[in-house]
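[1] What follows is a predicted protein model with its sequence.
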Amino acid sequence: MTIPRTAPSTNGPVRYAVVGLGQISQQAFLPAIARTGNSVLAALVTGTPQKAQELAAEYGVPAYSYEDYPALLASGDVDAVYVATPVFRHREFAEPALEAGIHVLVEKPMETSVEDCRAMIDAAARGGARLMVAYRLHHEPGTLELITRVRDEALVGEPRLFTAVFAQDIDEANHRGHSGFWGGPIPDMGSYPLNAVRNLFAAEPVEVHAMGVRTPGRGFDFDDTVTVTLRFPGSGWRSSRSATPPRPPSSSPWWAPAVRWRPSRASASVPRWASATP
């Protein structure tokens, strides 16, 4: 279906529709909109009627079903959409919005294939809209300070070795537990150490080696533990392990990566299994 192009409003705050009302939307994005000062919530889109009713009442905005999404895009009531559906449905909702000239902020990972990612990029070009992946650590103050001090100010010398471990337990019934490798938790969590080392070394890897295994007794349809080694130009190495552990500590299901790097004249580390919030 072709959606009529609707130019986003250039006056007033950005009017967002939130597509997909799972954990990341309810815990992070929806509460944060009111704190921005330049954005407002304009609509909700979900395939769950109960979520539609409850969250529409809580936030005072209309809720649309997935089937009614084209009508929302054609309404002129939104300037941008935040897409937080399961990864394998990102293109389904991003592409028509971009072609209609509506900006898209899409959760990471961007999609499950290069073909789908390229289709979204091409749709943004055709519609004259902006497409952005919601990878927050590019803007997170602590991360930016770490990169600046280690990479730019040489606080601990020249970074030569970077290692990271990032693990999180999920239930097999969760959509990430049975949607294949690219729809699962490894690409979701692995982007954090990968982007960290690319920014820390200010370079792209020239060699990649990876090995994956499946945890006995778990019902995942993909390798749930993956170890990756990257070689960067010069003397830079990075080793990373992303995993869905069999029995995580019981205090919290969310875990920050253990990060270590080996500089030329000193050593520094972030404690392993530092508790974090989503």
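    Here it is on my side, so go on.

[2] separation between Glu145 and Ala71?
    Going from Glu145 to Ala71 by C-beta to C-beta, to the nearest Å gives 45 Å. Quick note: C-beta positions are derived from backbone N, CA and C, even for glycine.

[3] count of residues packed around Val213?
    By other C-beta atoms under 10 Å, 11 other residues sit near Val213.

[4] show me what contacts it?
    The contact partners of Val213, taken as C-beta atoms under 8 Å, 6 or more residues apart in numbering, are 223-225.

[5] which ones are touching the spatially closest residue to Thr46 that is not a sequence neighbour?
    Sequence neighbours aside, Leu21 is the residue nearest to Thr46 in space, at 4.4 Å (criterion: C-beta to C-beta, 6 or more residues apart in numbering). With contacts defined as C-beta under 8 Å, 6+ apart, Leu21 is in contact with 44-46, 48, 51-52, 55, 84.

[6] So which of the residues you listed are in helices?
    Judged by DSSP state H, the contacts of Leu21 include 51-52, 55 as members of helices.

[7] Just among those, which is most surrounded?
    Compared across the ones in helices among the contacts of Leu21, Leu55 has the highest neighbour count, 20 neighbours, by other C-beta under 10 Å.

[8] where exactly do the strands run in the chain?
    For the chain, applying DSSP state E gives strands covering 14-19, 39-46, 63-65, 80-83, 103-107, 131-134, 161-167, 207-213, 225-231, 237-243, 258-262, 268-269.

[9] Just send the ones you listed back as CSV, with distance to Pro141 too.
    As requested, the strands of the chain are exported to CSV (distance: least, C-beta to C-beta, whole Å):
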stretch, distance to Pro141
strand 14-19, 22
strand 39-46, 20
strand 63-65, 34
strand 80-83, 22
strand 103-107, 20
strand 131-134, 17
strand 161-167, 20
strand 207-213, 30
strand 225-231, 26
strand 237-243, 23
strand 258-262, 17
strand 268-269, 18
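
[10] looking at those strands, which one has the lowest mean pLDDT?
    Mean pLDDT per stretch puts strand 268-269 lowest among the strands of the chain, at a mean of 36.

[11] So what's the residue count around Gly37?
    Gly37 - counted by other C-beta under 10 Å - has 6 other residues nearby.

[12] what's the distance between it and Glu140?
    Distance of Gly37 to Glu140, given as C-beta to C-beta: 18 Å.

[13] ok, back up a step: show me which of the contacts of Val213 is closest to Phe166.
    Set against Phe166, the nearest of the contacts of Val213 by C-beta to C-beta is Thr225 (11.1 Å).

[14] Counting neighbours, what do you get for the closest one?
    Thr225 is flanked by 19 other residues according to other C-beta under 10 Å.

[15] Quick check: it vs Ala196, distance?
    Distance, Thr225 to Ala196, by C-beta to C-beta: 19 Å.

[16] Please apply the same query to His103.
    Remark: distance between His103 and Ala196 (C-beta to C-beta) = 27 Å.

[17] Name all residues that make contact with Asp223.
    181, 186, 212-214.

[18] If we use 10 Å, what do you get?
    Counting by C-beta atoms under 10 Å, 6 or more residues apart in numbering, Asp223 touches 181, 184, 186, 210-215, 243-244.

[19] Also Glu92?
    Contacts of Glu92 by C-beta under 10 Å, 6+ apart are 19, 66, 69, 83, 85-86, 111, 116.

[20] so how far is the first residue of stretch 21-32 from its last?
    Using C-alpha to C-alpha, to the nearest Å, the gap from the first to the last residue of stretch 21-32 comes to 14 Å.

[21] which residues are in contact with stretch 130-139?
    8, 24, 28-29, 80, 82-84, 90, 94-95, 97-98, 102-111, 117, 120-125, 143-144, 146-147, 191-192, 195-196, 199.

[22] make it 6 Å
    103-108, 110, 124, 143 (C-beta atoms under 6 Å, 6 or more residues apart in numbering).

[23] Out of the residues you listed, which two sit at the greatest distance?
    Ala124 and Thr143 (26.1 Å).

[24] Of those two, give the one with the bigger neighbour count.
    Just comparing Ala124 and Thr143: by other C-beta under 10 Å the higher neighbour count belongs to Ala124, 21 against 16.

[25] So the spatially most central residue of the chain versus Asp169, what's the distance?
    Nearest to the mean C-alpha position of the chain, by C-alpha atoms, centre = their mean, lies Lys108 at 2.5 Å. Using C-beta to C-beta, we find Lys108 at a distance of 20 Å from Asp169.
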